[in-house]
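Asker: sequence first, predicted model second:
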There are 2 protein chains.
Amino acid sequence: MPLQASDLRRVRIFQEVSEEDLHYFLSRSILRAVEEGEFLFFQGDVAEFCYVLISGKVKLVQSTPTGHVVNLRVIHAWQVFGAIGAIKPGSVYPVSAQAILPSTVLAIRSTLLNEAMKTRPFLCLALMQQIAGYVHEIQERYRESVTERVEQRIARILLRLAQQTGVKTGAGVLIELPFSRQDLAEMAGTTLFTISRTFSRWEKQGLVVSGRKQVILTNLHGIVQVAEGILGEPDEEQ
Amino acid sequence: MPLQASDLRRVRIFQEVSEEDLHYFLSRSILRAVEEGEFLFFQGDVAEFCYVLISGKVKLVQSTPTGHVVNLRVIHAWQVFGAIGAIKPGSVYPVSAQAILPSTVLAIRSTLLNEAMKTRPFLCLALMQQIAGYVHEIQERYRESVTERVEQRIARILLRLAQQTGVKTGAGVLIELPFSRQDLAEMAGTTLFTISRTFSRWEKQGLVVSGRKQVILTNLHGIVQVAEGILGEPDEEQ
DNA sequence: CGAACAATTGATCCTCATCAAACCTTGTGG
DNA sequence: CCACAAGGTTTGATGAGGATCAATTGTTCG
């Protein structure tokens, strides 16, 4: 089915926009399908477009010269990403965007949004609020990466994912994104080996059931305790 | 001397504001002096004011329940900080602000700025650009904290400081802020011991001259190489 | 069924935090 | 002017947490 203007109401920054503006944006934007693994843009590219994710999942990553990859954010449906060009025309994306599922996106020309914001303060404020929320999250993650041990950070990542896309099942909260150990490692700032080991341990403790590319949190409260550092090192067990 | 409206032109987000707006802001704001070590606000406080630093230096830090302190940012004169309340009325500061020198600040009521932005898109856009720049920096630091070793991160911190407040002298670039080893450790996400050790090593290698609460970068190029990971571990030297 | 990929597990090593102790400044009061 | 205190700094010894590498074991798909 084609994308309706009314669908765009699900996008937070478009909630207060006029009906005709909505049509305006929609008529001038490009609906684009991307395959799993495909990149929408690379860090360093000029930010000609900003995007609304319509369906699927996208991750924002940074990669270093040495080959390390850091996952900064996972984008869910109806979220905006890559808006840096709309904020400051001519700037470049600070991250790369890669689809982790077959996805569709609405590509809005940055200049279009930028112009629109110049005469629609509420649009501008709405985007700023989004960014502020993101600042908050990345600050937290920075602090965690510096002060907390890996185990805690993994727990926090799981909790965030559960909150964002968790599905309650009989056995617990299921995180059903296609996240390999590698993906999780990139989110927590560790290696897939450590993720694997940690999951093995947690599985013995009855905190999670981990399968291929999915995880079920069977004891949410326990995970929270790990995240808080209360359930630290299980010196002796069994 | 009293603060002139024209002085506020040095604040980036006020560059394009009308003269009368400037007077409006100034007349309704409070000029406040704080001593070294004094806090302007704590994380978790309701963000009733946002601030412009007029003179001195302020640091933004987060502290954890376990007592770890993370330094997120150092504020220099004419920079805005604590603007979260202007973006979203009623929200709380995500960080604490502490003066690291005797300072004076202009406290602007958040609601005042928020209202102003609703009718002055350029003001809104200017603030958003500031925030975007900050997002960029914190993302970089996050990536660094996850992928790079301490030595590199310390080098990067020094380079940032040099760029922000470095003074060229005969011997090299002087960073003259009153930064103890503890402060630097909080910025780089390490301990004062490691900072001390690193400086000792660098001093032997002729990269820096470190004194009490100050550093001179005598070989900027060398520091850059360390930051890039090129000048890694000097296995054998001499 | 085999190929390709994901996950596990073990052995090893290295970086860095931690704790303890000594050392060096700067300022204060006799 | 010296003595002493207080805070910043250095250095050493030690250990723990994870990264790294290699080898093995599932799992999915053509």
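Answerer: Received, thanks.

Asker: tell me which element A:Arg160 is part of?
Answerer: Secondary structure assigned from DSSP states H and E places A:Arg160 in helix A:150-165.

Asker: from B:Leu123, how far out is the closest residue in space to A:Asn219 that isn't next to it in sequence?
Answerer: Computed as C-beta to C-beta, 6 or more residues apart in numbering or on different chains, the closest residue to A:Asn219 that is not its neighbour in sequence is A:Leu207, at 4.8 Å. In this view, the C-beta of every residue, glycine as well, is placed from N, C-alpha and C. Look at A:Leu207 and B:Leu123: by C-beta to C-beta, to the nearest Å, they are 49 Å apart.

Asker: A:Glu115 now?
Answerer: Distance from A:Glu115 to B:Leu123, by C-beta to C-beta: 17 Å.

Asker: now A:Ile13
Answerer: With C-beta to C-beta as the criterion, A:Ile13 and B:Leu123 are 18 Å apart.

Asker: go on, A:Arg120?
Answerer: 14 Å.

Asker: the more surrounded of those two?
Answerer: It is B:Leu123, of A:Arg120 and B:Leu123, that has more neighbours when counted by other C-beta atoms under 10 Å in any protein chain shown, with 22 against 18.

Asker: quick one, the helix or strand containing the more buried one and helix A:121-147 angle?
Answerer: Taking DSSP H and E as the criterion, B:Leu123 maps to helix B:121-147. Interaxial angle, helix B:121-147 versus helix A:121-147 (axes from the mean of the first three to the mean of the last three C-alpha atoms, to 10 degrees): 20 degrees.

Asker: check whether helix B:121-147 contacts DNA strand C.
Answerer: No. Using C-beta under 7 Å from any atom of the strand, we find that helix B:121-147 stays clear of DNA strand C, coming within 10.0 Å at best.

Asker: return the list of helices and strands in contact with that helix.
Answerer: strand A:69-75, helix A:84-87, helix A:110-119, helix A:121-147, strand B:69-75, helix B:110-119, helix B:150-165 (3 or more C-beta pairs under 8 Å, 6 or more residues apart in numbering or on different chains; DSSP states H and E).

Asker: DNA strand D is nearest to which of these?
Answerer: Nearest of the helices and strands packed on helix B:121-147 to DNA strand D, taken as C-beta to the nearest atom of the strand: helix A:121-147 at 10.2 Å.

Asker: so where's chain A uncertain?
Answerer: For chain A, the stretches with pLDDT under 70 are A:1, A:231-238.

Asker: could you rerun that using 80?
Answerer: A:1-2, A:171, A:176, A:231-238 (pLDDT under 80).

Asker: so what's A:Val46 closest to, chain neighbours aside?
Answerer: Per C-beta to C-beta, 6+ apart, closest to A:Val46 is A:Val92, 5.6 Å.

Asker: is the one you found in contact with A:Ala47, as I believe?
Answerer: Yes. A:Val92 is in contact with A:Ala47 according to C-beta atoms under 8 Å; the separation is 6.0 Å.

Asker: so for these two, which sits in the more crowded spot?
Answerer: Ranked by neighbour count (other C-beta under 10 Å), A:Val92 and A:Ala47 place A:Ala47 first, with 20 against 14.

Asker: against B:Leu207, how distant is the more buried one?
Answerer: Distance of A:Ala47 to B:Leu207, given as C-beta to C-beta: 36 Å.

Asker: swap in A:Gly44?
Answerer: Taking C-beta to C-beta, one finds A:Gly44 at 29 Å from B:Leu207.

Asker: so between those two, which is more surrounded?
Answerer: Taking other C-beta under 10 Å, A:Gly44 and B:Leu207 do not tie; B:Leu207 has more neighbours (24 against 10).

Asker: now do stretch A:77-89: distance from first to last residue.
Answerer: 25 Å (C-alpha to C-alpha, to the nearest Å).

Asker: with stretch A:5-19 instead?
Answerer: Termini of stretch A:5-19 sit 8 Å apart (C-alpha to C-alpha).

Asker: which residue sits closest to the most centrally placed residue in chain A in space, ignoring its chain neighbours?
Answerer: Nearest residue to the geometric centre of chain A (C-alpha atoms, centre = their mean): A:Val74, 1.6 Å. Excluding its sequence neighbours, the residue lying closest to A:Val74 (C-beta to C-beta, 6+ apart) is A:Lys59, at 5.2 Å.

Asker: that neighbour pairs with what?
Answerer: A:Val74, A:Gln98 (DSSP bridges).

Asker: anything in stretch A:51-59 near DNA strand C?
Answerer: No. Stretch A:51-59 does not reach DNA strand C (C-beta under 7 Å from any atom of the strand); its nearest approach is 14.3 Å.

Asker: export only the CA atoms of that stretch, formatted as CSV.
Answerer: Provided in CSV are the C-alpha atoms of stretch A:51-59 (Å, rounded to 0.1, in the frame of the first residue of the first chain):
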residue,chain,number,x,y,z
TYR,A,51,15.3,9.8,6.6
VAL,A,52,12.2,8.5,8.2
LEU,A,53,12.2,4.7,8.7
ILE,A,54,8.8,3.3,7.5
SER,A,55,9.4,-0.4,8.1
GLY,A,56,12.3,-2.6,9.0
LYS,A,57,15.3,-1.8,11.2
VAL,A,58,18.4,0.3,10.6
LYS,A,59,21.5,0.7,12.7
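
Asker: how far away from the center of its chain is it?
Answerer: Distance of stretch A:51-59 from its chain centroid, counting by C-alpha atoms, centre = their mean, to the nearest Å, is 9 Å.
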